[in-house]
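>>> the sequence isn't on hand, but the structure is:
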């Protein structure tokens, strides 16, 4: 059984990743993969992997790679950066903003929250550089 707040189900695909993640928790075994809090990374690791496979099937490889890109920011220094047209476009727009170019409305009009999160995170990083 999965419990979701109504904010996760909003009538478009914007909440699909959250729904996929919560279903994946059920499928990967909440009680088996984390005997203690020190082992919780196992639970989240398996869940995140399953979530990304679900997103890949439901929304396509590019969206799944975007999801990987969101996690890649933290994951080790030698981790491979994901290859995704969406991910690359957002990072490029954030880097161009640092050079003074505002994105056009048509470039960002259909962005759900995940795209904005990646864009804003990269604005912060480019400002620190």
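Thanks, I have it. The structure presented is a predicted model; accordingly, all values stated were derived computationally and were not measured.
>>> pLDDT below threshold where in this protein?
1-14, 30-33, 73-74, 125-129 (pLDDT under 70).
>>> please repeat the previous calculation with a cut-off of 80.
Along the chain, the parts satisfying pLDDT under 80 run over 1-18, 28-35, 70-77, 79-82, 124-129.
>>> grab the longest helix from it for me.
helix 40-59 (DSSP state H).
>>> and the contacts of that one?
13, 16-17, 20-21, 23-25, 27-30, 33-34, 63-64, 67-68, 71 (C-beta atoms under 8 Å, 6 or more residues apart in numbering). For glycine as for every other residue, the C-beta is placed from the backbone atoms N, C-alpha and C.
>>> out of those residues, which are inside helices?
The helices, defined by DSSP H, take in 16-17, 20-21, 23-25, 27-28, 63-64, 67-68, 71 from these.
>>> buried ones from the residues you listed, can you make that a PyMOL selection?
To isolate the buried ones among the ones in helices among the contacts of helix 40-59 in PyMOL, judged by 16 or more other C-beta atoms under 10 Å, type:
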select buried, resi 16+17+20+21+23+24+25+28+63+64+67+68
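>>> return the member of the ones in helices among the contacts of helix 40-59 nearest to residue 103.
Closest approach to residue 103 among those (C-beta to C-beta): residue 63, at 19.7 Å.
>>> perfect, that will be all.
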